[in-house]
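**Student:** my questions concern the predicted model and sequence given below.
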Amino acid sequence: MGKCKVLVVGGTGYIGKRIVRACLTQGHETYILQRKEIGLDIDKLQMLLAFKKDGARLVEGSFSDHKSLVEAVKLVDVVISAMSGVHFRSHNLLLQLKLVDAIKEAGNVKRFLPSEFGMDPAKMGHAMEPGRVTFDEKMIVRKAIEDAQIPYTYVIANCFGGYFVGNLSQMTTLLPPKDSVVLYGDGDVKAIFMDEDDVATYAVKTIDDPRALNKTIYTSPPENRLSQRDLVKMWENLSGNTLVRHNISDQDFLALMKGQDFAQQVGIGHFYHIFYEGCLTNFEVKEDEEASKLYPEVQYTSMNDYLKRYL
């Protein structure tokens, strides 16, 4: 495969910084949108300067200046958006649609990867409120991309290890529990857990792959299809520490939504879909849409190895 010119939007974010690293590692000419909205965020600026030192190019652009976005997009063949949707729901939607407009106007982009990197929104039409907005907004962006006839790849990342593995999928901590663990239902519903760096590696592999053109690619290696109970056992084997298990029924779990703020209600809804419904594993993924099959050369991280960093 040839080398691409890639613009990463949201290059200092949780997944964005990993995508920048993957682009550089895979030898692509890497541009990062440097937004003047960065203001006085010294950590973000220093991260950008470190990427620049490693060979990335910083391109100034702002979402309040359409022309600057179009000019940034004209420099490249591929655009990857990794803006986080966690804090600003509809604000994020607005920015993504502005980016789609800029790509459409520039007219030169051979592949666009929008900010997805979670569950497949096309499979979440039944999702409950208020978390449903996450999926609805991603579908609005998809429709805009397809209406504009922009070549795309949608990358489904499933569960990031940092948020779901180290804490054995407990909602109130990022660290492994010491004494007891809450299991959702019987704890046997399978989910898919990924090392974030692997997600970035796979995403960047798709950008010039004709097999991934105008398709949804799932990062779901068979070894990473695990139940919550599997994760707990794995941690117990590694740590030598046995945890007391508390099961919570679906009704009791959903009752936790009462009195919570918007973000927590969204989180509870998403956890419900993953750990009670099995929304990540209750459909078939074709071999030519699964990243570890498409790119067998990538040595992806097992969750057993991922957990070792918490010992």
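**Tutor:** That came through fine.
**Student:** measure residue 14 to residue 132 for me?
**Tutor:** Taking CB to CB, to the nearest Å as the measure, residue 14 falls 22 Å from residue 132. Glycine gets a C-beta too; all of them are placed from N, C-alpha and C.
**Student:** now do residue 248
**Tutor:** Summarising the geometry, the distance separating residue 248 from residue 132, computed by CB to CB, is 22 Å.
**Student:** do residue 173 as well
**Tutor:** Counting by CB to CB, the gap between residue 173 and residue 132 amounts to 26 Å.
**Student:** these two: who's more crowded?
**Tutor:** Shown here are residue 173 and residue 132; by other CB atoms under 10 Å, residue 132 has more neighbours (17 against 11).
**Student:** pLDDT on the helix or strand hosting residue 144, on average?
**Tutor:** Assignment of secondary structure by DSSP states H and E places residue 144 within helix 132-147. When pLDDT is averaged over helix 132-147, the result is 95.
**Student:** kindly report the same for stretch 167-186.
**Tutor:** Per-residue confidence for stretch 167-186 averages out to 97 on the pLDDT scale.
**Student:** below-threshold pLDDT in the stretch 51-200 of the chain: ranges please.
**Tutor:** Scanning the stretch 51-200 of the chain for pLDDT under 70 picks out the ranges 85-89.
**Student:** now the strands for it?
**Tutor:** Taking DSSP state E, counting those that start in this stretch, the strands of the stretch 51-200 of the chain run over residues 57-61, 78-81, 111-113, 153-156, 159-160, 180-184, 190-194.
**Student:** got the buried residues for the last one?
**Tutor:** So that's strand 190-194. Buried residues in strand 190-194, counted by 16 or more other CB atoms under 10 Å: 191, 192, 193, 194.
**Student:** from the contact counts, what lies against that strand?
**Tutor:** Packed against strand 190-194 by the contact rule (3 or more CB pairs under 8 Å, 6 or more residues apart in numbering; DSSP states H and E) you find strand 159-160, helix 161-164, strand 225-227.
**Student:** tell me what angle that strand forms with strand 180-184.
**Tutor:** Strand 190-194 and strand 180-184 meet at an angle of 120 degrees, taking axes from the mean of the first three to the mean of the last three CA atoms, to 10 degrees as the criterion.
**Student:** strand 190-194 pairs with which strands?
**Tutor:** strand 159-160 (parallel), strand 225-227 (antiparallel) (DSSP bridges).
**Student:** what would these look like in JSON lines with distance to residue 3 and mean neighbour count?
**Tutor:** Converted to JSON lines, the strands paired with strand 190-194 look like this (distance: least, CB to CB, whole Å; neighbours: other CB atoms under 10 Å):
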{"stretch": "strand 159-160", "distance to residue 3": "28", "mean neighbour count": "20"}
{"stretch": "strand 225-227", "distance to residue 3": "33", "mean neighbour count": "19"}
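**Student:** closest to residue 309 out of those strands?
**Tutor:** Shortest distance between residue 309 and those, using CB to CB, is found for strand 159-160: 13.9 Å.
**Student:** name the surrounding residues that touch the closest one.
**Tutor:** For strand 159-160, the surrounding residues in contact (CB atoms under 8 Å, 6 or more residues apart in numbering) are 14, 15, 165, 169, 191, 192, 193, 194, 196, 199, 274, 280.
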